[in-house]
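>>> I need the structure of the sequence given here:
(one chain, ligands or ions: 1)
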Amino acid sequence: MKIRKGDTVQILSGKDRTRRGKVMRVLPKTFQIVVEGLNLRKKHSRPRRQGEKGKIIDFPAALPSARAGLVCPHCQKVVRVGQRFSADGKKERWCRKCKASIN
Ligand SMILES: [Zn+2]
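Predicted coordinates:
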């Protein structure tokens, strides 16, 4: 997957389309990601202790990584990413728009 934890992504489809957020979790098995503050769902929690009330909590749900585009930290655009080897022989991701490395 091209998206990693800590990346900034922009949602490309659905109700949060065009909104940006930070990736909190990556689920490579299902090709999904969880983005901070986006794709919110409501969760109903029951009162656990006496005197406590049940509440409705907003939480960010996982979404397919294909619905999000990586935002390049250098040019601030939604970009496609490539793979290449850096000068010290390590794999790095790079922005296909401004050619800068993203890591
Ligand atoms: Zn760029």
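>>> Name the nearest residue to the most centrally placed residue in the chain, ignoring sequence neighbours.
By Cα atoms, centre = their mean, the chain has its centre lying nearest to residue 23, at 3.3 Å. Using Cβ to Cβ, 6 or more residues apart in numbering and skipping the chain neighbours, the partner closest in space to residue 23 is residue 7 (4.8 Å). Every residue, glycine included, has its C-beta placed from N, CA and C.
>>> where's the worst-scoring helix or strand of the chain on mean pLDDT relative to the chain centroid, distance-wise?
Ranked by mean pLDDT, DSSP states H and E, the weakest helix or strand in the chain is strand 101-102, scoring a mean of 92. The chain centre lies 17 Å from the centre of strand 101-102; the measure is Cα atoms, centre = their mean, to the nearest Å.
>>> Is it in proximity to the ion?
No - Strand 101-102 stays out of contact with the ion when judged by Cβ under 5 Å from the ion, the minimum separation being 7.5 Å.
>>> by contact count, what packs against that strand?
Under the contact definition 3 or more Cβ pairs under 8 Å, 6 or more residues apart in numbering; DSSP states H and E, strand 101-102 sits against strand 91-95.
>>> Report the buried residues of the strand it packs on.
Burial within strand 91-95, assessed by neighbour count using 16 or more other Cβ atoms under 10 Å, is assigned to 93, 94, 95.
>>> again with stretch 72-90
For stretch 72-90, by 16+ other Cβ under 10 Å, it's 72, 78, 79, 81.
>>> One more: stretch 32-49?
For stretch 32-49, a neighbour-count test (16+ other Cβ under 10 Å) marks 32, 33, 34, 35, 38, 39 as buried.
>>> want to try a markdown table for the residues you listed, with secondary structure as columns?
Formatted as a markdown table, these follow (DSSP: H, G, I helix; E, B strand; the rest coil):
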| residue | secondary structure |
| --- | --- |
| 32 | strand |
| 33 | strand |
| 34 | strand |
| 35 | strand |
| 38 | coil |
| 39 | coil |
